[in-house]
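> Build me a structure from this.
(chains A, B and C)
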Amino acid sequence: MDSRRFDLLLILPLAIFTLAFLVLPLARLTLEAGSGPQGIAGFFVIVTEARFRNSLIVTLILSIITTVATLAVATVAAQTLANRRFFGRGLLLSMLTFPLAFPGVVVGFLIILFGGRLGLVGSVTKSLTGTNVVFAYSLFGLFLGYLYFSVPRVLLTILAAAEKLDPSLVEAARSLGASPLAIQRDVVLPALFPAMYTGGALCFATAMGAFGTAFTLATTVDVIPMLIYTEFTLATNASMAAAISIALGFITWAALAIARSRAMRDVSGA
Amino acid sequence: MRRQWTTTAGIVITALLTLFLLVPVLLSVYAGLTVNYARGISAGFTLDWVKQVWALYSDTVWRSLVVALMTLALTLLIGVPGAYALVRRGGRFARAVEEIVTLPVAVPGLALALAMILTYGGAGSFRQSTLFVVVGHVLFTLPFMMRSVIAVLDTIDWRTLDEGAASLGSPAWRRFLDVILPNVRPGIVAGSLTVLTLSIGEFNLTWMMHTPMTKTLPVGLADAYASMRLEIASAYTLVFLVMVIPLLIGVQLVAGLTEKRTAS
Amino acid sequence: MTHAATAPQRGSSISTRALTKTFNGNRVLQPTNLEIEAGQILVLLGPSGCGKTTLLRLIAGLETPDGPDMIRFDGDDVSGVPIEKRNVGMVFQSYALFPNMTVSENVAYGMKIRGMERSKRDAETRRLLALVGLEDYADRRITAVSGGQRQRTALARALAIKPRVLLLDEPLAALDAVLRERLRVEIGLLLREFGITAVYVTHDQAEAMAIGDRIAVMDRGRIAQIDVPRVIYHRPANDFVADFVGTMNRIDGRVSGGVLSLESDDTGAALAVGGPDRETVLCFRPESARLANGSAAVRARVVASTFFGPTQRVVAEVTPGRRLQLDLPSSLAFDPGQIVGFEIEREAIIEFQEA
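Presented below is the predicted three-dimensional model:
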């Protein structure tokens, strides 16, 4: 039938593109990962080899701390901004969401301006105490960079949920004598959970795979994406880079998938 | 009414967050326009650094624009019909396809770039061309275009509109052009702005996929950050800001418009 | 709406033969035989889920029937013809007007598809808009006209393609009660004026009565009764039709010697219906009751009454628990506890054959 053929035509470009440039390359990547000197065991090199394992642990811890901090800051800011009308609100929201468009490299550079050798914090501390405080190139600098990168995204997600929260729920809880913390625990946070799962998972996945910020800050710590990059370009060890890539991709994909199913269950269970 | 201490804390934290996000950007703008950053305001302001950046890197600006526009054209061609096809089809198959297409959001760009290079690295002229970078960008931005279009399709009664046009004798392809496309326009516009913004700022894929002849703006930025003096790096960042800020304002205007439209 | 002179267009006859539709192994339409003469208006009436919309969508070509040669227009098999080639006019429940086009662009769309030249198309659009009283709204956006105006735009758009049959799916359901009542009279007049074959789906019996030449009452995927409105109302074929169309009172009991008698203290009834002795259910409409005080009168105790203006609806018990609804003149007051006496005309009593 005519419309059946048209449906096929609609999806054809998508099918061709996805097969040629996504499915095929990912299959090739998997093949490459299994063709190193260790064979199939190459897939697990990220946990079997101490250098990679340490890097994985550092990256995981950094990503988890970033996620927790981002969620905390974004949840507080979202609640402060939701349902509050004041002059310049639109402008403030724009400024808070601007960094959405900044690539990791730019964020890295901004962190350098903030806490690098010629940075703002350093020059302030120098004039106050005489010591130039430099943290941009440390793990803390990397953390700040990730925070900078993630907060706008997560803030937008949670703000959307916070604005949908019925204010009479909070008023009802107050009429029943609940303290601000009890209201948070029992009313507000449960309503924000789906958005927090989604935003948190996105934040975690981005932090795990972030490359630009680490690249610009040229930190002494090797996060996983830097490891992939150096394995591939400097050590020209394609199969090792592929194996780590797949492990990393699997972790980020799983984080997002778990969060999505939890968020869905929360929404449907409510 | 007495203000709750939690409210005060919220306002303080939000203000600090705003400063944290804003001050580095202002520093960067300032550094790009100052004669000598280390000497401070007393040294005066100049556009020399911007001019130098233009002389050194203008090709990356143009290339980024070209790449972004080509990426946009491809995501429109592939993503818009694809999104409609998936929504029409529905069910498990459509969900599976959507999951696969959305993989580039979950899988780090580095891994995707590696996969592309391993697969097409041997295809010399394709590998060397700007098109290779464009394909990478399409891979990464396509899910955003599709989600934006699908979100609008979910709010309009596309099936009845399609049936209405069919009852008037319109063939399938004309129904798509006459009725579906005009009514998902807000999604297409919002998706397009997102695609342009993401493409202009894309680094993770591009850094791996580019060749010396196909450098984009963020690649140039990384270069400048590593090897140029702070003022030039800042001026270059300023050029980048000038490119993306109009797009961001566009995104917000469109979002505001659709909000108003759905509210009325 | 102004009713400019219109050239009557007859439209095609529709017939279905053992038409069935199965969704995922679930048969939503039982074998249905239907004959609709050219120019006739058939209303499909029934509760939601009875299959009326499925039947309409099958006739429209929006669904494919289970087998070949199940639907014919003027004797031609159209079972496999998709809607875009079937030349049917359709008015959707949500109207399906295109928000990206103006009122007149919506009306003109079908003619544009058919390649009608611009000047003819414009003239025909103007004529149709005048017909439905929308000439002043031609250049308005769809989002800028009212619900009733949208409804009429949808009707004009469907008529513009000179369809073989006009199909209307709950066209008034999205409107408020006052508008609905006005438009159902107007639509009925307009459809008759056009003289087009029409199939009209609704769950509203008043609408069905006002518009249909014939009504097909549907129940669980089959047609329970198909006839002119008068017969459907006064001679329902079964319990379901009786209940769905209007209010029906029931008195169950034993007929012996041609009389069904009920007795309880100072209330009771003796209804002479004739026939052999049997257990039965006698039905009658509230408006069939007439105040009376003779020996043949039914005596019932008033429970409550609701004032309607010209009449009042009195709820009364003929024996404890056996409640009846009676439409009686509103000039008299009936207080709860009072005994009311009334008669039911013999012809107004309906008896269904059942145990």
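> How many residues are close by C:Asn26?
By other Cβ atoms under 10 Å in any protein chain shown, the residues close to C:Asn26 number 8. For every residue, glycine as well, the C-beta is placed using N, CA and C.
> swap in B:Leu248?
Look at B:Leu248: counted by other Cβ under 10 Å, it has 18 neighbours.
> thinking it is in contact with A:Met95, fair?
No. When contacts are counted by Cβ atoms under 8 Å, B:Leu248 is not listed as touching A:Met95 (10.4 Å).
> Can you give me the pLDDT of A:Thr206?
Model confidence at A:Thr206, expressed as pLDDT, equals 89.
> no, scratch that, I was asking about B:Glu231
86.
> same check, this time on A:Asp2
Value listed for A:Asp2 in the pLDDT field: 63.
> Can you name the residue of chain C nearest to chain B?
C:Ala96 (2.9 Å; Cβ to the nearest Cβ).
> Could you find the closest non-adjacent residue to the closest residue to chain A within the stretch 1-150 of chain C?
Of all residues in the stretch 1-150 of chain C, C:Pro82 sits closest to chain A, with a separation of 6.5 Å (Cβ to the nearest Cβ). Nearest residue to C:Pro82, sequence neighbours excluded (Cβ to Cβ, 6 or more residues apart in numbering or on different chains): C:Gly61, at 5.4 Å.
> before we move on, what about A:Leu192?
With sequence-adjacent residues excluded and distances taken as Cβ to Cβ, 6+ apart, A:Leu192 is closest to A:Ala161, at 5.2 Å.
> Assumed that neighbour was part of a helix.
Yes. The assignment for A:Ala161 (DSSP: H, G, I helix; E, B strand; the rest coil) places it in a helix.
> That one is in contact with A:Tyr197, isn't it?
No. Taking contacts as Cβ under 8 Å, A:Ala161 lies outside contact range of A:Tyr197: 10.6 Å.
> If you count surrounding residues, which of these two has more?
A:Tyr197 (22 against 19).
> Do I have it right that the more buried one meets A:Ser261?
No. Taking contacts as Cβ under 8 Å, A:Tyr197 lies outside contact range of A:Ser261: 9.1 Å.
> For C:Leu168, give me the pLDDT.
95.
> what helix or strand is C:Arg254 on?
strand C:249-256 (DSSP states H and E).
> Show me the contact partners of that strand.
For strand C:249-256, the external contacting residues (Cβ atoms under 8 Å, 6 or more residues apart in numbering or on different chains) are C:260-262, C:269, C:271, C:273, C:275-286, C:318, C:322, C:324-326.
> let's go with 6 Å and repeat that
C:260, C:262, C:277-284, C:324-325 (Cβ atoms under 6 Å, 6 or more residues apart in numbering or on different chains).
> Over to stretch B:61-73?
Counting by Cβ under 6 Å, 6+ apart, residues outside stretch B:61-73 touching it are B:133-134, B:137-138, B:141, B:192, B:195-196, B:199-200, B:216-217.
> do that again at 7 Å, thanks
Defining contact as Cβ atoms under 7 Å, 6 or more residues apart in numbering or on different chains, one finds that stretch B:61-73 is touched by B:130, B:133-134, B:137-138, B:141, B:192, B:195-196, B:199-200, B:214-217, B:239.
> go on, stretch A:219-229?
Residues outside stretch A:219-229 that contact it (Cβ under 7 Å, 6+ apart): A:52, A:55-56, A:58-59, A:62, A:137-139, A:142, A:208-211, A:214-215, A:241, A:244-245, A:248, B:108, B:110.
> Using neighbour counts, give me the buried entries of these.
A:52, A:55-56, A:58-59, A:62, A:137, A:139, A:142, A:208-211, A:214-215, A:241, A:244-245, A:248, B:108, B:110 (16 or more other Cβ atoms under 10 Å in any protein chain shown).
> Any idea how far apart the tips of stretch C:160-168 sit?
In stretch C:160-168, first residue to last residue: 15 Å (Cα to Cα, to the nearest Å).
> Pretty sure A:Phe149 sits in a helix.
Yes. Counting by three-state DSSP, A:Phe149 is located in a helix.
> for it, what are its contacts?
A:104, A:107, A:206, A:210, A:213.
> residues from the stretch 101-250 of chain A in reach of chain B?
Neighbours of chain B within the stretch 101-250 of chain A, by Cβ under 7 Å from any Cβ of the partner chain: A:101-106, A:109-110, A:113-114, A:118, A:120, A:148, A:151, A:180, A:205, A:209, A:211-212, A:215-216, A:225, A:228-229, A:232, A:238, A:241-242, A:245, A:248-249.
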